[in-house]
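S.K.: sequence-free structure coming up:
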DNA sequence: CAAGTTTTGAACTAATCCATCCAAAACGAT
DNA sequence: ATCGTTTTGGATGGATTAGTTCAAAACTTG
């Protein structure tokens, strides 16, 4: 019927994501995207329509895959509520992507985009808002699980505890990007967990 | 001897800061800076040398003034250790600058720059690293004060508690920028404080 | 193998980027 | 008032930006 693509769309998205993740939206040029994906300009624009639309695909892909991985941990029936949260933090710290040359953490594309773009880009704000709402729901559910199984004894409102945990994750990501080492991040997690049993 | 300036340098820095704060470094054009300061290109380049050098001045100014305000609270001898930390959080939430049209929080220029620029700009990374080290020192000292006066009972390492508090501030800022309202932020603070007495 | 459709790469646009240049204006000092 | 210096605004420069165009290449289908 017609000439087929010589590249894998998912693979291109993955490469584009790494670039946006490392440099941010504004600082990533279409030239950078060509170099990272190995594609020509025409292929990119033919497939993804625009830099902005490509970023939308990337951000949506990032939030859905990240959220899916986190849900798997948060809904693990074999663990207590507090243990699931511990496992979530471990996943955040273990999965912390780092820049090859500098060794500096890339943080989280969601947090990065919240900071750089969400304030003036409705598309980004919308995707991130839904992502946050989704995670807050799951965290609140896990807090209630932990309350029932006795692993969480704080009398604070479950929704508020969920917001606290979400903020802690963001704080960890910023700290990592600011140069904190693993031991420091582990200590932060341990203290945050104290609040669940206070 | 020569023609004097018709503008106030500090006032120009203030206007430039607001612009960088709202739009970020990359998305702020020299045109934006002219409009915000009311200066012509020549005046800006004559005074500040380059966009990058101007941003350096802005970031340094921001960190030193913010840090000074925070130190005043953290070293207030009239309050207990825990109360000083409460006051610091209150200052962070009260001082939360918001964008006029959208009402969305501008977050913290320090956090924003950590995310957007520090990974690939040594100047920004250096300023922020010193700023963080300074704040961590002050927070650790306050934790030790609180431990002595009995307002902080956690047995965790004081340096680790300082890192936790610093991460919590970052988490608050990201949450604010993500759209959390004041009540949600207050709840996060209350729970974080629980960890100090756990 | 030929027709038909899509992909692809390179050249190209128009706008915007940061920065510089220059001449005129504006002041202080003598 | 005039000289010397600095500021100032506008014009300009070269690089880079996101995005388009177009013809040739490549592949499937009949």
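M.R.: Received it, and whenever you're ready, just let me know what you need. Just so it is clear, the structure is predicted and the values come from calculations on it, not from any experiment.
S.K.: where along chain A do the strands fall?
M.R.: Assigned by DSSP state E, the strands in chain A number zero.
S.K.: Could you tell me which residues of it lie near DNA strand C?
M.R.: Within chain A, the positions near DNA strand C by Cβ under 7 Å from any atom of the strand are A:1-7, A:39-43, A:46-47. Every residue, glycine included, has its C-beta placed from N, CA and C.
S.K.: Compare those residues and tell me which has the most neighbours.
M.R.: Highest neighbour count within the residues of chain A next to DNA strand C: residue A:39, with 21 neighbours (other Cβ atoms under 10 Å in any protein chain shown).
S.K.: Hmm, residue A:7 and that residue touching each other?
M.R.: Yes. The criterion here is Cβ atoms under 8 Å, and residue A:39 meets it with residue A:7 at 6.0 Å.
S.K.: which of the residues of chain A next to DNA strand C lies closest to chain B?
M.R.: Using Cβ to the nearest Cβ, residue A:41 is the member of these that sits closest to chain B, with 21.3 Å.
S.K.: In contact with that closest one, which residues?
M.R.: A:30, A:34 (Cβ atoms under 8 Å, 6 or more residues apart in numbering or on different chains).
S.K.: cutoff 10 Å now
M.R.: A:30-31, A:33-34 (Cβ atoms under 10 Å, 6 or more residues apart in numbering or on different chains).
S.K.: need the residues of chain A next to DNA strand C in TSV with distance to residue A:160 and pLDDT, can you?
M.R.: Below are the residues of chain A next to DNA strand C laid out as TSV (distance: Cβ to Cβ, whole Å; pLDDT from 0 to 100):
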residue	distance to residue A:160	pLDDT
A:1	57	71
A:2	56	80
A:3	56	76
A:4	53	80
A:5	49	85
A:6	52	84
A:7	47	91
A:39	46	97
A:40	51	95
A:41	49	97
A:42	51	96
A:43	48	97
A:46	48	96
A:47	44	97
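S.K.: Please narrow the residues you listed to those residing in helices.
M.R.: Among the residues of chain A next to DNA strand C, the members falling in helices (DSSP state H) are A:41-43, A:46-47.
S.K.: Of the residues you listed, which ones also sit close to DNA strand D?
M.R.: Within the set of those, contact with DNA strand D (Cβ under 7 Å from any atom of the strand) is found for A:41-42.
S.K.: most neighbours, which of the contacts of residue A:41?
M.R.: Top of the contacts of residue A:41 by neighbour count (other Cβ under 10 Å): residue A:33, with 22 neighbours.
S.K.: ranges for the helices of chain A?
M.R.: A:9-23, A:30-37, A:41-48, A:51-74, A:81-94, A:109-116, A:122-149, A:158-177, A:182-194.
S.K.: so what does the second one touch, helix or strand wise?
M.R.: The criterion is 3 or more Cβ pairs under 10 Å, 6 or more residues apart in numbering or on different chains; DSSP states H and E, and the helices and strands that helix A:30-37 contacts are helix A:9-23, helix A:41-48, helix A:51-74.
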